[in-house]
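K.L.:
sequence and predicted structure are below.
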Amino acid sequence: MQKPSKEKIVGAYNRLVKERGGTVIGERVFMRETGFSHHYWKGGYWRSWSAFQTDAGYTPNSPNEKIADEVLLHRFAELALERNEIPSEADLMIKKREDPTFPSKAAFRRWGSQDALRAKAAEYTVASAYDPDALLADADVELVVNLTPANAHAAVSIAAIRAGKHVYSEKPLAATWGEAIDLVHIARERRVLLGCAPDTFLGGGLQTCRKIVDDGVIGTPVAAVAFTTPYGYEGWHEAVEGFYRRPGGGPALDIGPYGVTALVSLLGPARRVCGFVRRTYPAREARFGPRAGRLVQVEVEIREGRGYGDLRRL
């Protein structure tokens, strides 16, 4: 495995801290989650783990500092969903043994009684947790956010639409052109709203670009280009297999929407699109987490020539 850069190690640490609601993690957890060797910070890029934490922007031993209320209650609510009941003090102790990053039972005592803690945590707890069929049958559910793997997006979204739910889907909208067309037509027939990620065009950067275009600062745009140039998912994502499977895998459908969405938001809807795909490597080596060192076969379909989609069908 090629030695990662300092920036990649720091980025992995920041990502894990963010995933844990801001709870700073220790050395053992970091090594277990990323597969990084301690030699990278002990005599490699840093002289010690504390020096690495400082360089990453955290105070060494900061897990002992007071945890923010919202972080603490979020972790309590997550455990409630996991246990399917309000956790007892014994549940907190068990969870702490299972996950060293989980706050200690003493941290939850700041609200006084167990009843006071439960009342406070109820503000952060999801009302229900159930299987997809029960969710679709629940009349109180008005909108479904579809975060399933790409090859399941169409089937899950169609089921939700037919149940009368509005749908917001992770990208891509569907794994194939035909499925995407069907989704749009079914949503119109059922008179429900259908949306799809990414929503990055609403961010400050692209909104500033939109204002520049609208105000005529650069004149009339006649062409535009967007680039995304990472090496591959295995360089930053722990579960890479799904990104290299067909149908629905590959950067064209996963990364491409960022550039396409940005350009559409700036220049208006497209009338026709085309795509070109190439499989550069037949296999990729996973670099993070429990899959580190494993070869992942690239199954993304290769199409020769060009394919066009006429958006006027919509």
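P.N.:
Perfect, thanks for sending it.

K.L.:
phi and psi next, for the closest residue to Y45 other than its chain neighbours.
P.N.:
Nearest in space to Y45, with sequence neighbours left out and distances taken as C-beta to C-beta, 6 or more residues apart in numbering, is K6 at 4.8 Å. All C-beta atoms are positioned from the backbone trio N, CA, C, and that covers glycine. With angles defined as degrees, to the nearest 10, K6 sits at phi -60, psi -40.

K.L.:
in the chain, where is pLDDT below threshold?
P.N.:
Counting by pLDDT under 70, the chain has low-confidence residues at 1-2, 39-43, 59-66, 114, 120-121, 123-130, 301-314.

K.L.:
how is it divided into domains?
P.N.:
6-64, 69-121, 132-196, 200-313 (automatic domain parsing).

K.L.:
as TSV, the ones you listed with mean neighbour count would be great.
P.N.:
Below are the domains of the chain laid out as TSV (neighbours: other C-beta atoms under 10 Å):
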stretch	mean neighbour count
domain 6-64	16
domain 69-121	15
domain 132-196	17
domain 200-313	14
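
K.L.:
quick one: the residue nearest to Y45 and F52 touch, right?
P.N.:
No - the pair K6 / F52 is not scored as a contact, 9.1 Å apart, by C-beta atoms under 8 Å.

K.L.:
need the overlap of contacts for these two.
P.N.:
Y45 (C-beta atoms under 8 Å, 6 or more residues apart in numbering).

K.L.:
now the helices for the protein?
P.N.:
Under the criterion DSSP state H, helices of the chain are mapped to 6-19, 27-34, 49-55, 69-83, 89-98, 114-121, 132-137, 153-162, 177-190, 204-214, 251-254, 256-267.

K.L.:
okay, the ones you listed in a markdown table with distance to K171 next?
P.N.:
Shown next, in a markdown table, are those (distance: least, C-beta to C-beta, whole Å):
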| stretch | distance to K171 |
| --- | --- |
| helix 6-19 | 20 |
| helix 27-34 | 26 |
| helix 49-55 | 34 |
| helix 69-83 | 26 |
| helix 89-98 | 33 |
| helix 114-121 | 33 |
| helix 132-137 | 20 |
| helix 153-162 | 8 |
| helix 177-190 | 11 |
| helix 204-214 | 16 |
| helix 251-254 | 6 |
| helix 256-267 | 4 |
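
K.L.:
out of those helices, which comes closest to A197?
P.N.:
The closest of the helices of the chain to A197 is helix 256-267. By C-beta to C-beta, the value is 7.2 Å.

K.L.:
could you tell me the angle between that closest one and helix 204-214?
P.N.:
Computed by axes from the mean of the first three to the mean of the last three C-alpha atoms, to 10 degrees, the angle separating helix 256-267 from helix 204-214 equals 30 degrees.

K.L.:
helices and strands around helix 256-267, which ones?
P.N.:
Helix 256-267 makes packing contacts with helix 204-214 when contacts are defined by 3 or more C-beta pairs under 8 Å, 6 or more residues apart in numbering; DSSP states H and E.

K.L.:
can you tell me the closest non-neighbouring residue to V300?
P.N.:
G250 (3.9 Å).

K.L.:
swap in A150?
P.N.:
With C-beta to C-beta, 6+ apart as the criterion, A150 has its nearest non-adjacent residue at 3.2 Å, and that residue is G248.

K.L.:
any idea how far the one you found is from T23?
P.N.:
33 Å (C-beta to C-beta, to the nearest Å).

K.L.:
same thing with A12?
P.N.:
From A12 across to T23, the span is 16 Å (C-beta to C-beta).

K.L.:
cool, and D199?
P.N.:
Taking C-beta to C-beta, one finds D199 at 27 Å from T23.

K.L.:
and what of V29?
P.N.:
Taking C-beta to C-beta, one finds V29 at 10 Å from T23.

K.L.:
what residues are shared contacts of those two?
P.N.:
Shared contacts of V29 and T23, defined by C-beta under 8 Å, 6+ apart, comprise T101.
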